[in-house]
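Peer 1: this is a predicted model, with the sequence first.
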Amino acid sequence: MQTVLVIDDDASLRDTIGLLLEKEGFRPVLAEDGKQGFRQALTLKPALILVDLRMPGMTGVEVCQQLRAAGMKTPLIVLSAIGDEIDKVLLLEIGADDYMVKPFGTRELLARIRALLRRTAPGDTKVLTFADVEVDVTRRIVSRHGDELKLTRAEYNLLTYFLQNPDRALSRDMILNSVWGYESFPNTRTVDAHVVRLRQKLEPDAGSPRHFLTVHGVGYRFLP
């Protein structure tokens, strides 16, 4: 379970983001100001940090700068209010990786978090396996019985999402948000169609699946 540190002096927004992250399978840690957040970042070494730009005392800019000065390469997303003077040059200067302007939608926030975590994942070769299937995450190659399979980009992204969430009931909306993102807005039938294709390519018997299981009234569960 990946830890996400949320540093924001707005208690309502902080708690809302925390509940959202927990629901989506992350471990949220909440900090009410920059100094507390900076200390927790050094101690916990989270997978990602969300930090408000304007806070009394230690600002978000200072948090980002000091974390980078301390040698931390943790992905940083800056949260800024409408009207804040922020641009890509400033982001680079303070060491942030992305920013979002308040108010923002929950689907967009989750999509940005997952995209940034994928971009900043360690570069070492990582291979995931189940049954007779092997997934080389680094090279984006899927093989079965040693033979390379051809998967579309969406099929591959769906497969890796299942691999990252084993034995967990996943709703169609959760899958849509995480795999396709907030910009696409496909409908839930898209998920069903892609699960069918994964079963056809990866299951021993697509008609009686062992790994990509339907959870009636919810969505799907992946069993390695």
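Peer 2: Sure thing, it's come through. Numbering: from 1, shown residues only.

Peer 1: tell me where this protein is predicted with low confidence.
Peer 2: By pLDDT under 70, the low-scoring segments of the chain are 82-92, 122-125, 182-186.

Peer 1: that one: strands as residue ranges?
Peer 2: Per DSSP state E, the chain carries strands over the ranges 3-7, 27-31, 48-52, 76-81, 98-102, 127-130, 133-136, 141-144, 147-149, 170-171, 212-215, 219-222.

Peer 1: please, where are all the helices along the chain?
Peer 2: Under the criterion DSSP state H, helices of the chain are mapped to 11-23, 34-44, 60-69, 88-94, 106-119, 153-164, 172-175, 188-202.

Peer 1: can you put these in JSON lines and add distance to residue 142 and mean neighbour count?
Peer 2: (Each C-beta comes from the backbone N, C-alpha and C, glycine too.) Below are those laid out as JSON lines (distance: least, C-beta to C-beta, whole Å; neighbours: other C-beta atoms under 10 Å):
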{"stretch": "helix 11-23", "distance to residue 142": "29", "mean neighbour count": "15"}
{"stretch": "helix 34-44", "distance to residue 142": "34", "mean neighbour count": "17"}
{"stretch": "helix 60-69", "distance to residue 142": "36", "mean neighbour count": "20"}
{"stretch": "helix 88-94", "distance to residue 142": "35", "mean neighbour count": "14"}
{"stretch": "helix 106-119", "distance to residue 142": "17", "mean neighbour count": "17"}
{"stretch": "helix 153-164", "distance to residue 142": "7", "mean neighbour count": "18"}
{"stretch": "helix 172-175", "distance to residue 142": "18", "mean neighbour count": "18"}
{"stretch": "helix 188-202", "distance to residue 142": "8", "mean neighbour count": "17"}
